[in-house]
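Novice: next comes the sequence, and after it the predicted model I'd like to discuss.
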Amino acid sequence: MLLDFEQDLNPEQLRAVETTTGPCLVLAGAGSGKTRVITYKLAYLIAKRGIAPSHIMAVTFTNKAAGEMRSRVDALVGTDLARKGLWIGTFHSLCGRILREQIEKLELGYTNRFIIIDEDDRIRLVRQILKELNMDPKTYEPQKIVYRMSDAKSNLVGPEELSDFGYSYIEKATAAVYKLYQKRLQQGNLLDFDDLIALVIQLFKAQPDIEEHYSSKFEHILVDEYQDVNKMQYELIKRLSKVHGNVTVVGDDDQSIYAFRGANSKLILGFEKDYPGATVIKLEQNYRSTQSILDAANSLVARNRTRFSKRLWTDNGTGAPVHLFEALTPEDEASLVSSAIEALIRGGADVRDIAVIYRMNSQSRVLEEALISAAIPYQIVGGLKFYERQEVRDVLAYLRLGFNPGDNLAFERAVNHPSRGFGDKSLAEVKDLAAARGLSWFLALPEWTATLKPGKTKDKLDAFVDLIARIGAVSDSAIDAVNLVFTSSGLLEQYKDESDGADFELQSKRENLEELMRTVDEFNGMSEDRSLGAYLSQVALMQDQDSMKPGTGRGVLLITAHSAKGLEFSYVFVVGAEEGVFPHRRALDSSADIEEERRLFYVACTRARKELFITYCTQRSSYYGSGFQEPSRFIKEMELTRERSADVVSSHERAELIDGDTVMHNIFGTGKVLEVFYEGNDQYVVVDFKKVGIKKLAAQYAQLKKVQPL
DNA sequence: TTGCAAGGGATTTTT
DNA sequence: TCCCTTGCAA
């Protein structure tokens, strides 16, 4: 075994690994080797302390983190731990696993054939319920209601309890919807993400012997990203650790950026109180960044009031100072970034080791344009995830319905995709019939179609009923079920290309379906349990973002600060560092929100290994109107000084321009210079572009090239 | 029932 | 400015 704990770990890390009795809080600053501590601790427990893997549970928030941890532990102790029963997974998947075994003991009507629904289904269900209650979805925004229900649920507040607190109209509405919502889920044997955890807790409360079983089983519990737990996840850990009390939580309060989703960083701050006698270990040595970057980041996050005091340091040396650049408009900012990236590439940097980080997805657009015109390859993280795409969801709806005919949400989607002449009116009739018979919508469908006069619609619906039944019949093989959908649903035919490959949307839909087929194949090859149920479970919990691992991408990564958490790059650009953007305008009037924005900015900056570039614009127009903004307060708090962009884009020759020159801009094309003037040291040029009309540009960022008039 | 046009609204999003 | 939802017409 190639395991040398003393050699591979620094003293604090080692202490964290060797503290195997009692509660242990590891405050792991950015880049301080957090994952290393967890994986080594797992290895230590198994290899040095001889703990059976089946008595250890390691919990993460993402599948990616779980997968990484699993393979690293495998590499360390050299056995296939999964087979030995180590429980590594996300909160949701581990709870899902418990519920597959135990949910019937809750006696609430759920069976182990439950389906896990996602965010989109939740909203659709709320829509259905609002309709049922004759409530206007404009007044009562489904999204807000979902948010409030989720908030209640994750604070372990049930539908009945909620109504007692509701005063505002939206709270009352939420209480009303919540009751029906939960009933509908139960009737359909459906679980939302929150239920996965909430029901385990409910089960433990109702059946103490089951709680006893699991809490005795897990002698050691490790939790990653503990700053992101919500109340019910906290409660779950508390209950699971009550027999043995050996619970290690690892996290960084400074990287808590999900409060808006219910994460409660007070829980990590209160750990010592909740678990008396806890060992607290701070990891402050950073292995990622230069001291310049860390100094700036430290100085920023030190402004937050609610935090453990920490100060990151490194052996990596001082490095280049953090670069700060001002641009006039977002377009200028984007071209500044792309020129700087060009300079880095010329200097030998790998494009895949560069990231541009922003606050909002909408900021990616201009960046894309600038990178395209500079011919720099890039990759965007964000937007629709694979399993959220229409065409993919359609296929899944058939599978879900075949597996669980009680799934009304899947029915609503599948029945008229592709179109079978079954619209709102028909649906309303079937719903009524279903209610009268006490059946799910799908199960009521045959009786309804029997009343139709023979014809196309009836034939199609009969074939639909038949197909779903056939899917149900092959439910012990996911791949057979998927093949059935592909051959018999008529979904594929919808995406036949009649325009000779010119329709990119159709093309991408077909590609997505091919990709789906590949994932099923892969599932079929890898899993022990190849059933449709197992596949659906995996898919529901695996809302995978297309690979965003640095180094595996195809170019410069464009990514939000939230999604960038946990990643690292040699060169990082944080763009849009302006009041109103970063910090976001909606956070401006709450100090708690500003603190979260500050942590988010901190997360963004600490992604950088070698060099960090921060940019902002003085002029950004948006749908609020065009405006001038102040640079972000975070810039001052990081104690940065501005550089001239010309310093970094040194190879760029600055043209001396006069009125009447014809110039070339890499986005706007060619145009004629109308005016050249100075404000302070900065040169501005007013150009009449052929394509886009008159623009005022900052000469040092706009990169105008003088060209011969045609 | 379906397709198109106009209007309103627009952070972030591990599962 | 753009995208999604809703409403109306064929």
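Specialist: Received the coordinates, thanks.

Novice: now residue A:178, nearest residue through space, not along the chain?
Specialist: The shortest distance from residue A:178 to any non-neighbouring residue, by CB to CB, 6 or more residues apart in numbering, is to residue A:159 (4.4 Å). For every residue, glycine as well, the C-beta is placed using N, CA and C.

Novice: and the one you found, how far from residue A:238?
Specialist: In this view, residue A:159 and residue A:238 are 24 Å apart by CB to CB, to the nearest Å.

Novice: do the same with residue A:480
Specialist: From residue A:480 to residue A:238 the distance is 43 Å (CB to CB).

Novice: more neighbours: which of these two?
Specialist: residue A:480 (17 against 14; other CB atoms under 10 Å).

Novice: pretty sure that one contacts residue A:473?
Specialist: No. Contact criterion CB atoms under 8 Å: residue A:480 and residue A:473 do not qualify, at 9.3 Å.

Novice: so what pairs up with the nearest residue in space to residue A:329 that is not next to it in sequence in the strands?
Specialist: Closest residue in space to residue A:329, ignoring its immediate chain neighbours: residue A:619 at 5.2 Å, by CB to CB, 6+ apart. Assessed by DSSP bridges, residue A:619 has beta-bridge partners residue A:628.

Novice: mind listing what residue A:619 touches?
Specialist: A:328, A:329, A:626, A:627, A:628, A:629 (CB atoms under 8 Å, 6 or more residues apart in numbering).

Novice: secondary structure element for residue A:534?
Specialist: Using DSSP states H and E, residue A:534 sits within helix A:532-541.

Novice: ok, and what's touching that helix?
Specialist: So helix A:532-541 is contacted by A:63, A:90, A:92-93, A:96, A:100, A:113, A:115-118, A:387, A:396, A:399-400, A:402-403, A:471, A:474-478, A:481, A:519-520, A:523, A:527 (CB under 8 Å, 6+ apart).

Novice: so which of these sit within strands?
Specialist: Members of the contacts of helix A:532-541 lying in strands (criterion: DSSP state E): A:90, A:115, A:116.

Novice: contacting DNA strand B as well, which ones from the residues you listed?
Specialist: By CB under 7 Å from any atom of the strand, the members of the ones in strands among the contacts of helix A:532-541 lying near DNA strand B are residue A:90.

Novice: my guess is residue A:493 contacts residue A:418, does it?
Specialist: Yes. At 7.0 Å, residue A:493 counts as touching residue A:418 under the criterion of CB under 8 Å.

Novice: give me the phi and psi for the nearest residue to residue A:55 once chain neighbours are set aside.
Specialist: In space, and not counting its chain neighbours, residue A:55 is closest to residue A:219: 4.3 Å by CB to CB, 6+ apart. Per-residue torsions, residue A:219: phi -80, psi -30 (degrees, to the nearest 10).

Novice: how far away is residue A:219 from residue A:236?
Specialist: Counting by CB to CB, the gap from residue A:219 to residue A:236 is 17 Å.

Novice: compare these two (neighbour count), which wins?
Specialist: The neighbour comparison of residue A:219 against residue A:236 (other CB under 10 Å) goes to residue A:236, with 25 against 20.

Novice: pick out the residue in chain A sitting closest to DNA strand B.
Specialist: Here chain A gets closest to DNA strand B at one residue, residue A:423, 2.0 Å apart by CB to the nearest atom of the strand.

Novice: now that residue: phi and psi?
Specialist: Main-chain dihedrals, residue A:423, degrees, to the nearest 10: phi -100, psi -160.

Novice: distance of it relative to residue A:429?
Specialist: Taking CB to CB, one finds residue A:423 at 11 Å from residue A:429.

Novice: same deal with residue A:642?
Specialist: Taking CB to CB, one finds residue A:642 at 67 Å from residue A:429.

Novice: does DNA strand B have contacts with the helix or strand harbouring residue A:634?
Specialist: Here residue A:634 sits within helix A:633-637, counting by DSSP H and E. No. Residues of helix A:633-637 contacting DNA strand B under CB under 7 Å from any atom of the strand: none, with a closest distance of 14.3 Å.

Novice: buried ones in that helix?
Specialist: Residues of helix A:633-637 classed as buried by neighbour count (16 or more other CB atoms under 10 Å): A:633, A:634, A:635, A:637.

Novice: how about those residues in a markdown table, adding pLDDT?
Specialist: What follows is the buried residues of helix A:633-637, written out as a markdown table (pLDDT from 0 to 100):
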| residue | pLDDT |
| --- | --- |
| A:633 | 95 |
| A:634 | 96 |
| A:635 | 95 |
| A:637 | 96 |
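
Novice: got JSON lines for those residues, with distance to DNA strand C too?
Specialist: Output for the buried residues of helix A:633-637, formatted as JSON lines (distance: CB to the nearest atom of the strand, whole Å):
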{"residue": "A:633", "distance to DNA strand C": "26"}
{"residue": "A:634", "distance to DNA strand C": "26"}
{"residue": "A:635", "distance to DNA strand C": "26"}
{"residue": "A:637", "distance to DNA strand C": "31"}
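
Novice: and the residue nearest to residue A:251 when sequence neighbours are not counted, how far is that from residue A:188?
Specialist: Nearest non-adjacent residue to residue A:251, counting by CB to CB, 6+ apart: residue A:226, 3.5 Å away. Per CB to CB, residue A:226 is found 34 Å from residue A:188.

Novice: the two: which has the busier surroundings?
Specialist: Remark: of residue A:226 and residue A:188, residue A:226 carries more neighbours, 29 against 23, as counted by other CB under 10 Å.

Novice: I'd say that one and residue A:249 touch.
Specialist: Yes. Counting by CB under 8 Å, residue A:249 is a contact partner of residue A:226 at 3.8 Å.

Novice: which residues do the two both contact?
Specialist: A:25, A:268, A:271.

Novice: which of the residues you listed fall within strands?
Specialist: The strands, defined by DSSP E, take in residue A:25 from the shared contacts of residue A:226 and residue A:249.

Novice: okay if I get the shared contacts of residue A:226 and residue A:249 as JSON lines plus neighbour count?
Specialist: Shown next, in JSON lines, are these (neighbours: other CB atoms under 10 Å):
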{"residue": "A:25", "neighbour count": "24"}
{"residue": "A:268", "neighbour count": "27"}
{"residue": "A:271", "neighbour count": "21"}
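
Novice: which of the shared contacts of residue A:226 and residue A:249 lies closest to DNA strand C?
Specialist: Among the shared contacts of residue A:226 and residue A:249, and counting by CB to the nearest atom of the strand, the member closest to DNA strand C is residue A:268, at 35.4 Å.

Novice: got the end-to-end distance for stretch A:214-230?
Specialist: Stretch A:214-230 has an end-to-end distance of 21 Å (CA to CA, to the nearest Å).

Novice: buried sites along that stretch?
Specialist: For stretch A:214-230, by 16+ other CB under 10 Å, it's A:214-215, A:217-230.

Novice: picking up where we left off before, of the contacts of helix A:532-541, keep whichever come out buried.
Specialist: Taking 16+ other CB under 10 Å as the criterion, what is buried in the contacts of helix A:532-541 is A:63, A:90, A:92-93, A:96, A:113, A:115-118, A:387, A:396, A:399-400, A:402-403, A:471, A:474-475, A:478, A:481, A:519-520, A:523.

Novice: so residue A:294 sits against residue A:286, correct?
Specialist: Yes. Here residue A:294 reaches residue A:286: they are 5.8 Å apart, a contact under CB under 8 Å.

Novice: shared neighbours, the two?
Specialist: Residues touching both residue A:294 and residue A:286 by CB under 8 Å, 6+ apart: A:312, A:313, A:314.

Novice: so what pLDDT did the residue nearest to residue A:178 get?
Specialist: Looking at residue A:159, its pLDDT stands at 87.
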